[in-house]
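Trainee: below are the sequence and a predicted model for it; my questions follow.
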Amino acid sequence: MVRNVWRQFGGWWDGAASRLKPAPDAEVGAVVAELAGGTAPLLDRAQAEADAGNLRLACHLVDLAGWAAPDDPDVHERRSAIYLQRRSHEMSLMSKGIFAAAARESDAVVERQRPSND
């Protein structure tokens with residue numbers, strides 16, 4: 001009950017001070033990508049983590065790349081693939097739906113940037 005009251009009046013907070021009223025995701029993603037040398041190193045590490053079975057970290061990294069390059073279809077193809085991989089390993093129906101929605105968000109970017117030749 002206390003947590004629900006806290007969430008209603010104080011918002012959701014996980015205990016890390018930087019994530020209470022955080023900077024916008026796009027801003028964080030852009031700075032991290034700049035520090036990493038672009039989105040490619042983030043994507044490569046995300047894929048390496050996914051291949052090693054660390055899908056939680058892979059999703060963080062691929063989201064940073066996606067936030068840094070919101071209109072890049074190459075970034076979003078890889079983001080979609082990692083989220084679909086995470087979905088395939090998930091047991092929770094609710095989590096499966098959220099991961100599939102993340103993949104669809106990226107698929108929409110790819111479709112918007114690379115229209116099909118129908």
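Mentor: Received it, and whenever you're ready, just let me know what you need.
Trainee: how about the longest helix along the chain: buried residues?
Mentor: If you go by DSSP state H, the chain has its longest helix at helix 93-113. Across helix 93-113, burial judged by 16 or more other CB atoms under 10 Å covers 99, 100, 102, 103, 106, 107, 109, 110. Heads up, the C-betas are built off the backbone N, CA and C, glycines and all.
Trainee: neighbours of the residue nearest to the second one when sequence neighbours are not counted, just the number please.
Mentor: Counting by CB to CB, 6 or more residues apart in numbering, residue 87 is the residue found nearest to residue 100 once chain neighbours are left out, at 5.4 Å. Under the neighbour criterion other CB atoms under 10 Å, residue 87 is assigned a count of 18.
Trainee: quick one: the host helix or strand of residue 87 to helix 93-113, angle?
Mentor: For residue 87, the host element (DSSP states H and E) is helix 73-88. For helix 73-88 against helix 93-113, the angle by axes from the mean of the first three to the mean of the last three CA atoms, to 10 degrees is 160 degrees.
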